[in-house]
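J.: Mind looking at a prediction? Sequence and model below.
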Protein chains: 2
Amino acid sequence: VKIAVDAMGGDRAPDEVVDGAALAVKESGVSVVLVGDAALVKKRLEAVGPPPGLETVHCTQVAGMDEAPVEVLRRKKDASIRVAFDLIKDGRADAVVSAGNSGATLAAAAVVLGRMPGVDRPGIAGVLPTLRGPVVVMDMGANIQCRPGHLFQFGVMAEAFAQETLKIDRPRISLLSIGEESGKGTDVVKKAHDLFKASPMNFIGNLEGRDVFKGDADVIICDGFVGNVVLKLSEGLVEALTVMLKEELTADPLSRLGATLSRKAYQRFRKKTDYAEYGGAPLLGVNGVGLISHGASSAAAIKNAILRAADMVQTGLPARLEARLKRFVSFKNAV
Amino acid sequence: VKIAVDAMGGDRAPDEVVDGAALAVKESGVSVVLVGDAALVKKRLEAVGPPPGLETVHCTQVAGMDEAPVEVLRRKKDASIRVAFDLIKDGRADAVVSAGNSGATLAAAAVVLGRMPGVDRPGIAGVLPTLRGPVVVMDMGANIQCRPGHLFQFGVMAEAFAQETLKIDRPRISLLSIGEESGKGTDVVKKAHDLFKASPMNFIGNLEGRDVFKGDADVIICDGFVGNVVLKLSEGLVEALTVMLKEELTADPLSRLGATLSRKAYQRFRKKTDYAEYGGAPLLGVNGVGLISHGASSAAAIKNAILRAADMVQTGLPARLEARLKRFVSFKNAV
């Protein structure tokens, strides 16, 4: 399995990305193609010692973190993220991992690899930890303004993804809203509720923000604006609470001593709440495997994303997803 | 100062509400009118011992937690939340506190007390703790679908509220979106961005979910759908993290011992992150003082909300808010 990694994508690129790629190659049998400015990549590789199984493909452009996806597609044919997907198309790689501009990554995937039959809007699925196992949240930020049928399509894709990766036969699908009753939410959410209810899915109704982390659902559907807020707010709140707790634990000598003794517990807690452990958010609805890693990804996070992408290739996720989507031949009509 | 309290509102009404009202009266000079089923209220009052300064007004109806606000207004003229605002109108109370249906509370306030001049959509402001002081978030769930001008009006009201209660002369106003650049977000958010930018406010631009708890802004503006998700997600995540941390702290003997020694730190931490300490979310844009307390409010939370409402009456918040709103005579045109 060969993974194309966008060496220029992310706040800490290329160094952390290169390091993560090197780690992945060293720790597993996976091959990696680093796509980016060859001189910068080479410089870093020399510092860490390049392992066999790691090659570089040079390109001259980079998609800015805040650049509009359409602009990247139109003006930067040689952007690292685009070139990475070209490698899949040319049969030179099996999957792409990028910590860069997520909108541009999804757009490049859709244009280069194409959308799966019946899918109008590919999206980004995120896996979040809850009190009772992981939950798939879609869309995580690619589709800002959605029609009811788009939300329903996210549900179909996320259900298939949950079936494949969480190994759940009938995932509990829910719709993020501001009350549990079907009448709660925006017009779009209310209409999407009706579509889910009329489907053969295991739709458990609306879910409130309060219940996201309880683990009552396996799949949570929302538009990309709300999904992005959910994802980033959660991350920011975990960070803020960690700081607040640390302040209190160091505010008096006895608490400080206690915290030292509980060190192992804090380490386990941090590991559980660290995005790096979750290794990236998959693109769903495109013909191939793409994983978006956190913009601030460390080498460890990049490594995890590469291993997870390799796993998705080996289990044949896209083909299996497509087969499951065929159950909903008519779901395109719902848009 | 006399506060009308909706004795029937909230998941733990009437008992916790009655207890909270009794606590508030006992601990301060404030008078309270409990509005609700007189028999139920009396029964509980006899159990806790009714203090002087606590009276009861009987009514026969209750707004269900999930009832549509228009339905409550149309069909339940004798609902406790409506009768409570009637007391303000009749000069028999100075403010209302309710832990009940927040949409119905706002609707009753708007209909009975009227909207402030220039305000199209009154809303609910929430005060959240951050790493650097409190932040005012508006709207918290009353206005699900908004136009750009509505978001701008929330900004005008929340700015005035922050000036009055946080004692900040030029609050930093931000717009919740999915990227810091002006081009990020829904069409509504992008147009609202332009309105804020053209205003004399201290507008610091878009804020991402990640930065909500950093304390970089004094005011965060969003529609009620997003605001409700933010509020409830934050609450649910704090609960989930507390459970996860507790699990880890009790998983090995050394950590357990450490946690016992750090007990004081955890108590301070819990106090800082407890909604009950923040005493309710004010209604802004109506002619009077109304506070919405958390649906799961304990007696302590109800007490805090009553004391906070009394404080708002004593400082003359509505009149001061209205005076500040006059600065933006033209803001109605922005809708």
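T.: Received, thanks.

J.: C-alpha from now on. contacts and neighbour counts both.
T.: Noted.

J.: give the contact list for the nearest residue to A:Glu235 once chain neighbours are set aside.
T.: Nearest non-adjacent residue to A:Glu235, counting by Cα to Cα, 6 or more residues apart in numbering or on different chains: B:Arg210, 6.2 Å away. Listed by Cα atoms under 8 Å, 6 or more residues apart in numbering or on different chains, the contact set of B:Arg210 reads A:Val229, A:Lys232, A:Leu233, A:Ser234, A:Glu235, A:Gly236, A:Leu237.

J.: again, only this time at 7 Å
T.: Applying Cα atoms under 7 Å, 6 or more residues apart in numbering or on different chains, one finds that B:Arg210 lies in contact with A:Lys232, A:Leu233, A:Glu235, A:Gly236.

J.: Could you report the distance from the second one to B:Lys214?
T.: Relative to B:Lys214, A:Leu233 is positioned 11 Å away (criterion: Cα to Cα, to the nearest Å).

J.: And A:Asp86, by the same measure?
T.: In terms of Cα to Cα, A:Asp86 sits 40 Å off from B:Lys214.

J.: Compare neighbour counts for those two and give me the winner.
T.: Under the criterion of other Cα atoms under 10 Å in any protein chain shown, the comparison of A:Asp86 against B:Lys214 puts A:Asp86 first, with 21 against 18.

J.: A:Phe203 is in contact with A:Lys197, correct?
T.: Yes. With contact defined as Cα atoms under 7 Å, A:Lys197 counts as touching A:Phe203 (6.3 Å).

J.: So for these two, which sits in the more crowded spot?
T.: Using other Cα under 10 Å, the more surrounded residue of A:Lys197 and A:Phe203 is A:Phe203, with 21 against 15.

J.: Can you name the residues bridging to the more buried one?
T.: Applying DSSP bridges to A:Phe203 gives these bridge partners: A:Ile173.

J.: What degree of burial does A:Pro148 show, as a neighbour count?
T.: For A:Pro148, the count of nearby residues is 20 (other Cα under 10 Å).

J.: show me the contacts for it.
T.: A:Pro148 neighbours (Cα under 7 Å, 6+ apart): A:Val188, A:Val189, A:Lys191, A:Ala192, A:Val335.

J.: Could you do A:Cys146 as well?
T.: A:Asp223.

J.: and the closest residue to A:Leu307 other than its chain neighbours, how far is that from B:Arg320?
T.: Excluding the flanking residues, the one nearest A:Leu307 by Cα to Cα, 6+ apart is A:Ala24, at 6.8 Å. For A:Ala24, the distance to B:Arg320 (Cα to Cα) stands at 61 Å.

J.: quick one, what contacts the nearest residue to A:Asp139 once chain neighbours are set aside?
T.: Nearest non-adjacent residue to A:Asp139, counting by Cα to Cα, 6+ apart: A:Gly224, 4.8 Å away. Residues near A:Gly224 by Cα under 7 Å, 6+ apart: A:Asp139, A:Met140, A:Gly141, A:Ala142, A:Asn143, A:Ile144.

J.: Going by neighbour count, which of those residues comes out on top?
T.: Among those, A:Asp139 has the most neighbours (other Cα under 10 Å), with 31 neighbours.

J.: hmm, back to that, I'd like to know which of the contacts of A:Gly224 is nearest to A:Glu55.
T.: If you rank the contacts of A:Gly224 by distance to A:Glu55 using Cα to Cα, A:Ala142 comes first, at 30.0 Å.

J.: Could you report the distance from that closest one to B:Val136?
T.: Here A:Ala142 is placed at a distance of 28 Å from B:Val136 (Cα to Cα).

J.: Equivalent analysis for A:Glu322, please.
T.: The gap separating A:Glu322 from B:Val136 is 46 Å, by Cα to Cα.

J.: For the stretch 1-150 of chain A, which segments count as strands?
T.: Secondary structure of the stretch 1-150 of chain A (DSSP state E, counting those that start in this stretch): strands at A:2-6, A:31-36, A:54-58, A:95-98, A:123-130, A:133-138.

J.: Can you pull up the most central residue in chain A?
T.: A:Ala281 (1.0 Å; Cα atoms, centre = their mean).

J.: quick revisit: which one of the strands of the stretch 1-150 of chain A has the most crowded surroundings?
T.: Highest mean neighbour count of the strands of the stretch 1-150 of chain A: strand A:95-98, a mean of 31 (counted as mean count of other Cα atoms under 10 Å in any protein chain shown).

J.: how about the residues of the stretch 151-300 of chain A near chain B?
T.: By Cα under 7 Å from any Cα of the partner chain, the residues of the stretch 151-300 of chain A that approach chain B are A:178, A:185-186, A:209-214, A:225-226, A:228-229, A:232-233, A:235-237, A:240, A:245, A:248-249, A:254-256, A:258-259, A:261-265, A:268-269.

J.: Return the distance of the closest residue to A:Arg147 other than its chain neighbours relative to chain B.
T.: In space, and not counting its chain neighbours, A:Arg147 is closest to A:Val188: 6.1 Å by Cα to Cα, 6+ apart. From A:Val188 across to chain B, the span is 10 Å (Cα to the nearest Cα, to the nearest Å).

J.: Is there a neighbour count for the residue nearest to A:Leu307? I'd like the number.
T.: 24.

J.: can you pull the pLDDT of it?
T.: pLDDT, A:Ala24: 96.

J.: Quick one: residues contacting it.
T.: A:Ala24 neighbours (Cα under 7 Å, 6+ apart): A:Lys303, A:Ile306, A:Leu307.

J.: In these, which residue is surrounded by the most others?
T.: Highest count within the contacts of A:Ala24 by other Cα under 10 Å belongs to A:Ile306, 33 neighbours.

J.: That one: helix or strand, and which one exactly?
T.: Assessed by DSSP states H and E, A:Ile306 sits inside helix A:299-314.

J.: between that helix and strand A:2-6, how many degrees?
T.: Helix A:299-314 and strand A:2-6 are oriented at 140 degrees to each other (axes from the mean of the first three to the mean of the last three Cα atoms, to 10 degrees).
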